[in-house]
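In: Model the structure of this input:
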Amino acid sequence: MLTKRELMVLNEIIRSYTETGQPVGSKSLLATLPMHVSSATVRNDMAALEEAGLIMKTHSSSGRVPSAAGYRYYLDHMLTPATLPDADLQTIQNSFGDNYHRIDDIVQQSARILSNLTSYTAITLGPEVSALTLEGFRIVSLGGRQVMAIIVSSDGSVQNQVFNLPEGVQSEDVEKAISIVNDQLVGKTLPEVARSLQTDVPAMLMRHLTTPDGFLDMFGDVLKQAVTERFYVGGRLNLMDYFGPDDIGELKDVMRIIDHSDDLNRLLSVDTDHPISVRLGSEMSDDALKNLSVITARYAVGEHGQGTIALIGPTSMPYSKMIGLLDAFRGELAKRLMNYYNHM
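Out: All right, here's what the predicted structure looks like:
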């Protein structure tokens, strides 16, 4: 257990290193600690923190920097989220604007706003697709045997894909299939629709179509787009600020993670016990992330599900400020999304 003075020293080292990026020495601590103590006392406290593994010496200076364990101790036991200034909240509100035609437009804009506010890489994920329902399905002829299949979901998003009709599938067969889909599946959640494609829908189509397989493949492919979680990334190039010329391989690895939804999903796995959580690079399996941290926040949009927002930045992020910002931001994003749903 740390003493009250050791807690103050650790807090000051983290604050100073976050602001300056420079190792912190005992002399600078003496000038900023909220108490009058001798230099020998400060050195003893620093030695105790170093022995506990919470700070460490750098090779280039006699000063100390927080270790990963030090940051974790700070996050778990010492951090108090900062209150977002009214001016920053007003900036967020003004940045969103009002003209949106799809839920995804709001979510995508939120990633840009968050990145601009923080100069970090921001990632946003809309409300869970498990809460979305199928609103309509249609097929538009593009000439010849080429058609466009279109799915509309309850959040206003539209997924479409161009196909060539399989040989043997006639236009009147397509119209029957569309009618069956809309009669039987509209109003169901997208996961329920996906399950129906594997169970009762083929049997229903078999009663009306001589060759339903081509139609099922077409509908299944465009549905897959609709049920895929859509991540939006703002400030992708900001990651370059945290990698030197000798770390290009690690930078490419991080970019790969961001570009693959499965990897990104694992990276942004949320702590269900806390609305906002922090994962330090040392706590993640990929070595390319060792000098980065991820702050993840959940937001709720009533019956429409939950979404996720996240910041990726250096381990030395000003966590108090960033967590306070994310807390206010997730509330504003949820309000914007709820307003959209209420006026659909």
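In: the domain parsing of the chain - what is it?
Out: 4-77, 86-128+229-342, 130-227 (automatic domain parsing).
In: Mean pLDDT and mean neighbour count added to these, as TSV?
Out: (Glycine included, C-beta is placed from N, CA and C.) Below are the domains of the chain laid out as TSV (pLDDT from 0 to 100; neighbours: other CB atoms under 10 Å):
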stretch	mean pLDDT	mean neighbour count
domain 4-77	91	16
domain 86-128+229-342	89	18
domain 130-227	78	16
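In: so how far is the host helix or strand of S293 off the chain centroid?
Out: Using DSSP states H and E, S293 falls within strand 292-300. The chain centroid and the centroid of strand 292-300 are separated by 6 Å under CA atoms, centre = their mean, to the nearest Å.
In: for it, packing partners?
Out: When contacts are defined as 3 or more CB pairs under 8 Å, 6 or more residues apart in numbering; DSSP states H and E, strand 292-300 sits against strand 276-280, strand 306-314, helix 319-342.
In: Of all those, which one comes closest to I257?
Out: Taking CB to CB, strand 306-314 is the member of the helices and strands packed on strand 292-300 nearest to I257, at 9.5 Å.
In: Extract the CA atoms of the closest one and return them as CSV.
Out: Backbone C-alpha positions of strand 306-314 (Å, rounded to 0.1, in the frame of the first residue of the first chain) are rendered in CSV as follows:
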residue,chain,number,x,y,z
GLN,A,306,-25.5,-0.2,-27.7
GLY,A,307,-22.6,1.2,-29.6
THR,A,308,-18.9,1.8,-29.0
ILE,A,309,-16.5,4.7,-29.3
ALA,A,310,-12.8,4.5,-28.7
LEU,A,311,-9.5,6.4,-28.8
ILE,A,312,-6.1,5.0,-29.7
GLY,A,313,-3.2,7.0,-28.6
PRO,A,314,0.1,6.8,-26.8
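In: could you give the angle of it to helix 319-342?
Out: 150 degrees (axes from the mean of the first three to the mean of the last three CA atoms, to 10 degrees).
In: who are the neighbours in contact with M46?
Out: 9, 13, 26, 29, 55, 64 (CB atoms under 8 Å, 6 or more residues apart in numbering).
In: host element of L49?
Out: Per DSSP H and E: helix 39-51 holds L49.
In: ok, residues contacting the strand holding S293?
Out: Contacts of strand 292-300 (CB under 8 Å, 6+ apart): 71, 242, 254, 267-271, 275-281, 284, 306-315, 317, 319, 322-323, 326-327, 329-331, 333-334.
In: From G63, how far off is G21?
Out: Noted for G21: a distance of 11 Å to G63, by CB to CB, to the nearest Å.
In: If you could redo that for E303, that was the one I meant.
Out: On the measure of CB to CB, E303 and G63 end up 53 Å apart.
In: ok, now L280?
Out: 21 Å.
In: Phi and psi next, for the residue lying closest to G126 once chain neighbours are set aside.
Out: In space, and not counting its chain neighbours, G126 is closest to V107: 4.2 Å by CB to CB, 6 or more residues apart in numbering. Here is the backbone geometry of V107 (degrees, to the nearest 10): phi -60, psi -40.
In: which ones are touching V107?
Out: 124-126, 230, 232, 307, 333, 337.
In: again, but for Y120
Out: Counting by CB under 8 Å, 6+ apart, Y120 touches 235, 238, 311-313, 317, 322.
In: Pipe the residues you listed into TSV and attach distance to M35 per row.
Out: Formatted as TSV, the contacts of Y120 follow (distance: CB to CB, whole Å):
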residue	distance to M35
G235	39
N238	38
L311	33
I312	36
G313	31
M317	27
M322	28
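In: Show me which of those is closest to T133.
Out: So of the contacts of Y120, ranked by how close each gets to T133 (CB to CB), first place is L311, at 31.3 Å.
In: List the beta-bridge partners for that closest one.
Out: A122, I295 (DSSP bridges).
In: which residues of the stretch 51-200 of the chain fall in strands?
Out: Per DSSP state E, counting those that start in this stretch, the stretch 51-200 of the chain carries strands over the ranges 55-57, 64-66, 121-125, 134-143, 146-153, 158-164.
In: As a markdown table, those strands with distance to D262 would be great.
Out: Listed next are those as a markdown table, based on distance: least, CB to CB, whole Å:
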| stretch | distance to D262 |
| --- | --- |
| strand 55-57 | 35 |
| strand 64-66 | 32 |
| strand 121-125 | 13 |
| strand 134-143 | 24 |
| strand 146-153 | 21 |
| strand 158-164 | 19 |
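In: just to revisit the earlier point, quick one: which of the contacts of V107 is nearest H36?
Out: L333 (45.6 Å).
In: can you pull the contacts of the closest one?
Out: 106-107, 110, 124, 299, 307, 309.
In: Now with 10 Å, please.
Out: 92, 96, 106-107, 109-110, 113-114, 124, 126, 297, 299, 301, 307, 309 (CB atoms under 10 Å, 6 or more residues apart in numbering).
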